[in-house]
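1. predicted model follows, preceded by the sequence.
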Amino acid sequence: MLNVPLLARHASSSSARAGSSCDIVVVGGGLVGNTIAASIGLNSLLRDKKVVVVDSAKSKPTLRSNPSTYSNRVSAVSPASVQLFKDLGVWSRLEKYRVKRVNKLHVIESSSHAEITFDRPGSAEVAHIVENDAIVGVLADVLSTLPNVTHRIASKVQSCQLPETTSELASVTLEDGETLSAQLVIGADGANSMVRESTAICTTGWSYSQSAVVATLRVSADELNDTAWQRFSSHGPIALLPLSSDLSSLVWTTSPEEATRLCALNKDAFVDELNEALFTSSHQDQSVNQALFTVNSILSFLRSPIRPSSIPPHILSLETDNRASFPLGLSHSQSYVAPRVALLGDAAHRIHPLAGQGVNMGWRDVGILTQILEKTHKSGADIGSVSSLRQYDSVAQRYNVPTMVAIDWLNRLYSTQSTPIVLARSLGLSTFNSILPLKDLLVHSLSQQPKL
Ligand SMILES: Cc1cc2nc3c(=O)[nH]c(=O)nc-3n(C[C@H](O)[C@H](O)[C@H](O)COP(=O)(O)OP(=O)(O)OC[C@H]3O[C@@H](n4cnc5c(N)ncnc54)[C@H](O)[C@@H]3O)c2cc1C
């Protein structure tokens with residue numbers, strides 16, 4: 001029987017090279033991989049663990065405090081994720097780059113006047129919009145200061161050799177032929193995870209036959225531009241995420257064919273079509289609006305007066321032509337763990353971006369896995385053993401599965417234009433909007449990191 005902890009400790013005293021060992025290999029240094037590496041590397045109890053992060057990205061994103069253009073890939077970072085970054089001491093570094101605070105989220109739809117507003121009591125924010133490159137780059141900078149973490153960029157894992165039991169170490173082989181063995185392989189290598197594929201873990205999933213068109217927009221918003229907007233249309237939701245007082249990031253969900261067409265339009269035609277999609281009333285169902293008016297009148301009698309309908313900012317132009325489109329799908333690993341393997345982020349679960357929860361779920365995985373690794377290490381057990389990793393699996397799934405189901409249903413609910421369904425969802429949305437404690441409960445639940 002191998003004495004794995006001893007073997008790994010001995011081998012980890014030298015930096016990783018051909019045929020070398022470490023304690024933990026993180027495959028994928030994206031939004032989630034770099035965060036778990038920082039979370040382990042900075043943790044006082046796990047500091048003696050040697051971590052190697054292997055990322056196939058060609059280079060580390062360049063960090064400039066005032067670059068001339070915004071990236072088209074941004075994330076709405078939830079308050080719970082901000083707290084994680086604050087705990088890691090990373091948030092103050094991120095704030096030096098461009099972080100836009102969002103105080104409100106307005107959700108409206110094209111088939112009726114139903115709407116819902118999310119905000120948080122006091123001066124708390126709903127989310128922060130941050131460029132993905134800034135998050136990955138700041139985390140990479142943090143990793144470079146940690147003596148126990150080796151961060152390898154432009155290095156691709158070609159294959160994983162995963163044992164069926166923990167009597168052996170796991171190993172990964174890089175494209176250049178080098179092999180790294182470890183007590184634990186963390187798969188943070190995205191939706192097409194090679195680590196997941198190397199296990200016997202099954203996934204459930206489907207394509208939405210939808211694509212998201214992203215771009216950076218110049219908008220005519222109020223002074224602060226601190227409200228995020230989402231308008232549901234028959235093709236899918238259109239989201240405007242504030243970046244500055246006059247710029248917003250677009251996530252326009254539509255059919256793959258439409259996405260290709262929209263990306264090929266000239267800039268002015270694209271902006272015209274976007275304004276049309278955001279403001280048109282041609283799909284409004286008047287019978288639903290009449291019913292909504294009656295219900296809103298009753299609700300306003302019970303609570304507060306009816307407010308005039310909210311209107312998103314007008315789109316002035318494409319800031320730079322950074323339009324791109326991404327296919328959307330759902331996938332979920334039936335288990336997030338196997339002997340010597342833990343899957344995190346999109347490698348474990350991929351969802352529709354309509355609620356801006358995908359990577360936030362990944363960061364929640366980070367918080368949970370770190371706590372489990374701490375606990376296992378304190379007890380002197382093997383950090384790659386399935387019995388301890390199973391706790392990560394069950395806690396993470398308990399949080400992730402309901403979120404995934406809710407988001408999938410929301411997408412389905414808003415994909416139909418049949419009057420009874422539009423009526424039911426519009427009345428439901430309006431009623432939910434007036435029940436403040438219920439709304440506060442939902443917002444509160446999204447702003448908490450689970451503590452075990
Ligand atoms: C249009 C759009 C908008 C979105 N907006 C939001 C939002 O506002 N909020 C939110 O929470 N989520 C959002 N998401 C979801 C979010 O982008 C993903 O959940 C997130 O990128 C997942 O991060 P990850 O690190 O798990 O995977 P990835 O971002 O896919 O990173 C995987 C990393 O692994 C590396 N890699 C892959 N294979 C290998 C290998 N074999 N060897 C070494 N390295 C490898 C890659 O180079 C990459 O760096 C959005 C998604 C889309 C498509």
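-> Happy to help now that I have it.
2. contacting residues for the residue in the stretch 251-400 of the chain that the ligand sits nearest to?
-> Of all residues in the stretch 251-400 of the chain, the one sitting closest to the ligand is Gly345 (2.4 Å; C-beta to the nearest ligand atom). Yep, even glycine has a C-beta here, placed from its N, CA and C like the rest. Applying C-beta atoms under 8 Å, 6 or more residues apart in numbering to Gly345 gives the contacts Gly28, Gly30, Leu31, Val32, Gly33, Ala188, Gly190, Val359, Met361, Gly362, Asp365.
3. is Ala342 bridged to anything, and to what?
-> Ala342 has these beta-bridge partners by DSSP bridges: Ile186, Val337.
4. so how far is Ile368 from it?
-> 10 Å (C-beta to C-beta, to the nearest Å).
5. give me the subset of the contacts of Gly345 that also touch the ligand.
-> Gly28, Gly30, Leu31, Val32, Gly33, Ala188, Gly190, Val359, Gly362 (C-beta under 6 Å from any ligand atom).
6. wait, doesn't Val54 sit right on Gly29?
-> Yes. Between Val54 and Gly29 there is a contact at 7.2 Å, judged by C-beta atoms under 8 Å.
7. picking that back up, between Ala342 and Ile368, who's got more neighbours?
-> Neighbours were counted for Ala342 and for Ile368 using other C-beta atoms under 10 Å; Ala342 has more, 29 against 25.
8. can you give me the pLDDT of that one?
-> For Ala342, the pLDDT comes out at 98.
9. quick one: it and Ser335 touch, right?
-> No. Using C-beta under 8 Å, Ala342 makes no contact with Ser335, being 10.1 Å away.
10. rewinding a little: redo the contacts of Gly345 as JSON lines? Include pLDDT.
-> Shown next, in JSON lines, are the contacts of Gly345 (pLDDT from 0 to 100):
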{"residue": "Gly28", "pLDDT": "98"}
{"residue": "Gly30", "pLDDT": "97"}
{"residue": "Leu31", "pLDDT": "98"}
{"residue": "Val32", "pLDDT": "98"}
{"residue": "Gly33", "pLDDT": "98"}
{"residue": "Ala188", "pLDDT": "98"}
{"residue": "Gly190", "pLDDT": "98"}
{"residue": "Val359", "pLDDT": "97"}
{"residue": "Met361", "pLDDT": "96"}
{"residue": "Gly362", "pLDDT": "98"}
{"residue": "Asp365", "pLDDT": "97"}
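11. turn the residues you listed into a markdown table, columns for secondary structure and neighbour count.
-> Compiled in a markdown table, the contacts of Gly345 are given as follows (DSSP: H, G, I helix; E, B strand; the rest coil; neighbours: other C-beta atoms under 10 Å):
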| residue | secondary structure | neighbour count |
| --- | --- | --- |
| Gly28 | coil | 28 |
| Gly30 | coil | 22 |
| Leu31 | coil | 27 |
| Val32 | coil | 29 |
| Gly33 | helix | 28 |
| Ala188 | coil | 30 |
| Gly190 | coil | 21 |
| Val359 | helix | 23 |
| Met361 | helix | 24 |
| Gly362 | helix | 27 |
| Asp365 | helix | 29 |
